[in-house]
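In: Would you be able to build a 3D model of this:
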Amino acid sequence: MYVAVKGGGAAIESSWRLLETQRRGDTGIAALNVTQILEQLSLAVDRVMSEGSLYDPELAALAIKQASGDLMEAIFLLRAYRTTLPRLGYTVPLDTARIALVRRISATFKEVPGGQLLGPTYDYTQRLLDFALLAEGDCPVTSPLGSDTPPASFDAKPIVQSERSVAHESPCDTVPRINDLLAREGLLETPQPFDAAPPGDLTRDPLMFPADRALRLQALARGDEGWLLAMGYSTQRGYANSHPFAGEIRRGLVSVELVPDELGFAIDIGDLEVTECQMINQFSGSRNVPPQFTQGYGLAFGGAERKTMAMALVDRALRADELGEPRVAPAQDEEFVLAHADNVEASGFVQHLKLPHYVDFQAELELVRKLRMSHAEAAKADLAAHSPFNPTQQEAA
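Out: Below you'll find the predicted structure:
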């Protein structure tokens, strides 16, 4: 037994060395540093931060480097590190109405207060491989349409560029929300006030069912983007009572404020880059509620537009019970959606199958052998009973 453990330990250490060799790759090529990942793979960094439940771009970039670009492994690394950090306090709720906008669009109205701002997006690219990126060195930034002039926003105003390192010293101008304009006419539901009790914390307590909307949104925010995308897509294909419109999508820097006990008032401690999506859905009403639009909501760290849209679709689908709608689709099943949304848990449960299961399999193997023997004996007895040379069959004849 000691020899087996010793041999296994040596093999594991060898595997670690091979993994490091694989991560480094060709040593004749300059190593990829964390700063390059942070600046040039920013969307991957944003996903790792969101699903890792920790806003720290540098650590997310480090996790991506350590994981050789495996984002799910990087998310696992960041979550594991997060568990070692102390909880120093709680901030006041983010006021995303006061956001330094990088991008802001609405698919429901062409003209909106504050204007539309295209910002950086792949929406208007042609999805053609740019072989110029294979060239060494930096290339001048040009428009996908061939002009050196950067694309303008809908209202022809210059695009506001924002870097992670830029600190906004002045307060952000408040841009009215599209949903607020509809709510003034009574066409959109009025958000229900939050309970006085603080919301639960999924990073400290396990998810229990039924879960309130605050817990559901937490689970969705750190859920796997691919899973949410599939669930959101299913609602659009008819597997839920859904007819969504992208009311508003915002991306930008929002201030984080904390109220120290010794001061008694909020102070600004920094900025976070977030993406927020508010979906508008039809609702035929009920006996007590007239027909109106309802909402789905999504928010994630960094540039996570696709995820927040999917999150908003799933959030709305999970409100079926609240709105008195029948639950007829997988995306409306709270336990099915949330229990399988966490990619770290899902990955662990699937990948644990690689670990030794020798004893379990030997037990299964012995059971199958016994069942096969019993099956063969029963088949032999049945064949003998129906044989024309069986004395019992001859007497009956």
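In: tell me, which strand in the protein spans the most residues?
Out: Assignment by DSSP state E gives strand 267-283 as the longest strand of the chain.
In: Any idea how far whichever helix or strand comes after that one is from the middle of the chain?
Out: Sequence order places strand 292-301 as the next helix or strand after strand 267-283, per DSSP states H and E. From the chain centre to the centre of strand 292-301 is a distance of 15 Å (Cα atoms, centre = their mean, to the nearest Å).
In: cool, and stretch 40-56?
Out: Worked out by Cα atoms, centre = their mean, stretch 40-56 lies 10 Å from the chain centre.
In: Next: stretch 294-302.
Out: Relative to the centre of its chain, stretch 294-302 is centred 11 Å away, using Cα atoms, centre = their mean.
In: Going forward, count from 8.
Out: Let's use 8 as the start, then, which means that last one is stretch 301-309.
In: Send me that stretch as CSV with only the CA atoms.
Out: Once non-C-alpha atoms are left out, stretch 301-309 reads as follows in CSV (Å, rounded to 0.1, in the frame of the first residue of the first chain):
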residue,chain,number,x,y,z
THR,A,301,-43.1,43.0,-17.4
GLN,A,302,-39.4,43.0,-16.9
GLY,A,303,-36.4,40.6,-16.9
TYR,A,304,-33.1,41.8,-15.5
GLY,A,305,-29.4,40.9,-16.0
LEU,A,306,-26.2,42.4,-14.7
ALA,A,307,-22.6,41.2,-14.9
PHE,A,308,-19.0,42.5,-14.6
GLY,A,309,-17.3,44.1,-17.5
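In: Counting neighbours, which bits of that stretch end up buried?
Out: Judged by neighbour count using 16 or more other Cβ atoms under 10 Å, the buried positions of stretch 301-309 are 301, 302, 303, 304, 305, 306, 307, 308, 309. Heads up, the C-betas are built off the backbone N, CA and C, glycines and all.
In: Over to stretch 286-296?
Out: 286, 287, 288, 290.
In: what is the second one paired to in the beta sheet?
Out: Right, the one you point to is residue 287. When assigned by DSSP bridges, residue 287 has beta-bridge partners residue 252, residue 302.
In: Among the buried residues of stretch 301-309, which pair sits farthest apart?
Out: 301 and 309 (27.4 Å; Cβ to Cβ).
In: can you pull out the strands in the protein?
Out: Using DSSP E, the strands assigned to the chain run over residues 106-112, 251-265, 274-290, 299-308.
In: Go through those strands and name the closest to residue 90.
Out: Once these are compared by Cβ to Cβ, strand 299-308 is nearest, at 18.2 Å.
In: Also compute the angle for the closest one relative to strand 251-265, please.
Out: Per axes from the mean of the first three to the mean of the last three Cα atoms, to 10 degrees, the angle that strand 299-308 makes with strand 251-265 is 50 degrees.
In: quick one on the thing from earlier: could you export the buried residues of stretch 301-309 as TSV, including distance to residue 16?
Out: Shown next, in TSV, are the buried residues of stretch 301-309 (distance: Cβ to Cβ, whole Å):
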residue	distance to residue 16
301	57
302	55
303	51
304	49
305	46
306	45
307	41
308	39
309	40
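In: Can you tell me which of the residues you listed is nearest residue 267?
Out: Of the buried residues of stretch 301-309, the one sitting nearest to residue 267 (Cβ to Cβ) turns out to be residue 308, at 24.4 Å.
In: Look up the residues forming beta bridges with the closest one.
Out: Beta-bridge partners of residue 308, as defined by DSSP bridges: residue 281.
In: quick one: which two of the buried residues of stretch 286-296 are the most distant?
Out: Farthest pair in the buried residues of stretch 286-296 (Cβ to Cβ) is 286 and 290. Separation: 12.2 Å.
In: re the thing from before, what residues sit buried inside the longest strand of the chain?
Out: 278, 279, 280, 281, 282, 283, 284, 285, 286, 287, 288, 290.
In: My read is that the fourth one contacts residue 256, right?
Out: No: at 11.4 Å, residue 281 and residue 256 do not qualify as touching, with contact defined as Cβ atoms under 8 Å.
In: Now residue 53: closest residue in space, sequence neighbours ignored.
Out: Closest residue to residue 53 apart from its sequence neighbours, by Cβ to Cβ, 6 or more residues apart in numbering: residue 309 at 2.6 Å.
In: From residue 141, how far off is that neighbour?
Out: Going from residue 309 to residue 141 by Cβ to Cβ, to the nearest Å gives 27 Å.
In: how many neighbours does the residue nearest to residue 236 when sequence neighbours are not counted have?
Out: Closest residue to residue 236 apart from its sequence neighbours, by Cβ to Cβ, 6+ apart: residue 317 at 4.5 Å. Neighbours of residue 317 under the rule other Cβ atoms under 10 Å: 27.
In: Give me the residue ranges of the stretch 158-307 of the chain where confidence is low.
Out: For the stretch 158-307 of the chain, applying pLDDT under 70 flags the ranges 158-180, 198-203, 292-294.
In: Mark out where each domain of the protein begins and ends.
Out: 9-89, 106-356, 365-403 (automatic domain parsing).
In: what about those, which gets the closest to residue 98?
Out: Nearest to residue 98, of these and by Cβ to Cβ, is domain 106-356 at 5.1 Å.
In: Give me the distance from that closest one to the chain's centre.
Out: Offset of domain 106-356 from its chain centre (Cα atoms, centre = their mean): 11 Å.
In: Okay, now that domain: how far is its last residue from its first?
Out: For domain 106-356, the first and last residues are 39 Å from each other (Cα to Cα, to the nearest Å).
In: Stretch 244-255 too?
Out: 22 Å.
In: Which residues does it contact?
Out: 111-115, 184-186, 189, 241-243, 283-289, 302-303, 316, 319-320, 323-324, 327, 332-333, 335-339 (Cβ atoms under 8 Å, 6 or more residues apart in numbering).
In: And those, which of them are buried?
Out: Neighbour counting by 16+ other Cβ under 10 Å classes 111-113, 115, 184-186, 189, 241-242, 283-288, 302-303, 316, 319-320, 323-324, 327, 332, 336-339 among the contacts of stretch 244-255 as buried.
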